[in-house]
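Let's see this in three dimensions:
(one chain, ligands or ions: 3)
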Amino acid sequence: MTAEGVVLRASRAGYAVQVEALVVHCTVKGNLTKDFEYTMGPTGARRVLRARRHIARDTLAVGDRVRVEMGPKGHGVILEVLPRTSRFSRAGFRGHEHTVVCNLDLIAIVFACAHPNPDLWKLDRFLVAAEAEGLRPVIVANKVDLAPPDPFVEYTGLDYVTIATSARTGIGIARLLDVLAGRISAFVGPSGVGKSSLLNALEPGLELRTADVGHVTHKGRHTTTSAQLIALRHGGWVADTPGLRQFDLLNLAPEEIADCFPEFRRVEERCRFDDCIHVAEPGCAIKAALDRDEISRRRYESYLALLA
Ligand SMILES: Nc1nc2c(ncn2[C@@H]2O[C@H](COP(=O)(O)OP(=O)(O)O)[C@@H](O)[C@H]2O)c(=O)[nH]1
Ligand SMILES: [Mg+2]
Ligand SMILES: [Zn+2]
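Numbers count the residues shown, from 1 in each chain. Ligands and ions are numbered 1, 2, ... in the order given. Purely as a prediction, here's the structure:
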């Protein structure tokens, strides 16, 4: 019997794969140990282009959706890796690119309504980083018990999903669970905004390393530095990965930064020059939209700060 599952953890001993409600301990069918190269298919999903026979640590990664031959006693064999929709990688050992987590599809960017007050310029950086990685950002405005989520209203106007929550009172937690269900997500944001508290509110007993803990190896903290997915009882998985702690801008070219502002994307095709970076060029549609108050000056200044 075969079934589909999601790789939760990888180790030398094998893979922990969630198949429905079970965690199955899997080895890998011999001929799967090869490198995959991917290309974008017509639907946007990545397809395997060519497989080279060469054992690489990236053959299978946390988040991969796999087909498993179910065996006895909670064991199984991975027969096939399904096409990846995204691949979050970082420079790894000796400069090799290392896949941290696959199929991540949602980044929950957490800020507080107060204590600390939201730094919208920092929020813009996180949004641009998520857009640049092709990951769907969801803004979580936590600590709504302390102050209204007014500063976040401008993002709702940009069509970003914004959820006001309180890890303390439970406001918004059900809605957040709904958004996370069926998806692989990661929580990012500055320290002190309530990421750990939120994760515990989502799944009591869950305390991830997510943000600020660092490589603490005492007091019973996780000591592993590899990625894992934590299954939520209400559905979906939260990625707990050290690499995501530094989730930030890679080296983006100016044109790429502009593309990460959704309100610019609609307008910039009307700029006179194709390579306009919307600073001092004549015939710039972005600057014209600014003059008509159709683009927020604060967001534009945020863009300029990212260019610098
Ligand atoms: N009033 C209030 N305090 C919160 C809320 N969420 C977290 N906190 C408090 O904010 C502080 C930082 O929370 P923590 O979860 O450690 O933040 P992290 O650094 O983002 O993981 C702690 O003192 C929490 O008790 C909330 O929704 N409302
Ligand atoms: Mg924390
Ligand atoms: Zn322009």
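
And the average pLDDT for stretch 26-45 is what?
Mean pLDDT, stretch 26-45: 61.

er, stretch 130-150 actually
94.

and what of stretch 111-127?
When pLDDT is averaged along stretch 111-127, the result is 96.

now it: how far from the chain's centre is it?
17 Å (CA atoms, centre = their mean, to the nearest Å).

Can you give me the end-to-end span of that stretch?
12 Å (CA to CA, to the nearest Å).

Buried residues, that stretch. List them.
111-113, 118, 120, 123-127 (16 or more other CB atoms under 10 Å). Where C-beta positions appear, they are placed from N, C-alpha and C, glycine not excepted.

Where does the residue of the stretch 151-300 of the chain found nearest ligand 2 fall, secondary structure wise?
The stretch 151-300 of the chain approaches ligand 2 most closely through residue 196 (3.2 Å), counting by CB to the ion. For residue 196, the element it lies in under DSSP states H and E is helix 195-202.

Residues touching stretch 9-24, excluding its own?
By CB atoms under 8 Å, 6 or more residues apart in numbering, the surrounding residues in contact with stretch 9-24 are 3-8, 25-28, 60-62, 66, 68, 70, 74-76, 78, 226-229, 231, 237.

Do you have the helices of the stretch 51-200 of the chain handy? List them.
For the stretch 51-200 of the chain, the helices defined by DSSP state H, counting those that start in this stretch cover 120-132, 153-156, 173-180, 195-202.

Nearest to residue 262, out of those helices?
Across the helices of the stretch 51-200 of the chain, residue 262 has its closest neighbour in helix 120-132 (7.6 Å, CB to CB).

about what we covered before: list only those of the contacts of stretch 9-24 flagged as buried.
Buried members of the contacts of stretch 9-24, counted by 16+ other CB under 10 Å: 5-8, 26, 28, 60-62, 66, 68, 70, 76, 78, 227-229, 237.

Could you tell me which residues of this protein lie near ligand 1?
Applying CB under 6 Å from any ligand atom, we find that the chain lies next to ligand 1 at 142-143, 145-146, 166-168, 191-197, 211-212.

between the residues you listed, which is closest to residue 300?
Nearest member of the residues of the chain next to ligand 1 to residue 300, counting by CB to CB, is residue 193, at 25.3 Å.

burial of the residue lying closest to residue 297 once chain neighbours are set aside, as a residue count?
Sequence neighbours aside, residue 290 is the residue nearest to residue 297 in space, at 6.3 Å (criterion: CB to CB, 6 or more residues apart in numbering). Using other CB atoms under 10 Å as the criterion, residue 290 is surrounded by 17 other residues.

now do residue 13
Counted with other CB under 10 Å, residues neighbouring residue 13 total 9.

same check, this time on residue 288
14.

what comes up buried for the strand or helix carrying it?
Using DSSP H and E, residue 288 sits within helix 285-291. Residues 285-287, 289-290 are the ones in helix 285-291 that count as buried (16+ other CB under 10 Å).

again with stretch 265-273
For stretch 265-273, burial by neighbour count (16+ other CB under 10 Å) applies to 267-268, 271.

quick one on the thing from earlier: I'd like the buried residues of helix 285-291 laid out as TSV, including pLDDT.
Listed next are the buried residues of helix 285-291 as TSV, based on pLDDT from 0 to 100:
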residue	pLDDT
285	98
286	97
287	97
289	97
290	97
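
out of the residues you listed, which touch ligand 3?
Contacts with ligand 3 within the buried residues of helix 285-291, as defined by CB under 5 Å from the ion: residue 286.

residue contacts, the residue in the chain positioned nearest to ligand 1?
Residue nearest to ligand 1 within the chain (CB to the nearest ligand atom): residue 194, separated by 2.9 Å. Taking CB under 8 Å, 6+ apart, we find residue 194 in contact with 110, 112, 142-143, 167.

what does residue 306 give?
Shown in contact with residue 306 (CB under 8 Å, 6+ apart): 124-125, 128, 249, 252, 257.

one more time with 10 Å, if that's ok
Neighbour list for residue 306: 121, 124-125, 128, 249, 252, 254, 257-258, 260-261 [criterion: CB atoms under 10 Å, 6 or more residues apart in numbering].

which two in the residues you listed are spaced the farthest apart?
Counting by CB to CB, the most remote pair of these is 121 and 254, 17.7 Å apart.

end to end, how far does stretch 68-88 reach?
23 Å.

Listing partners with orientation, what would you give for the strand ranked longest in the chain?
In the chain, assigned by DSSP state E, the strand with the most residues is strand 2-11. Here strand 2-11 has these sheet partners by DSSP bridges: strand 14-19 (antiparallel), strand 65-70 (antiparallel).
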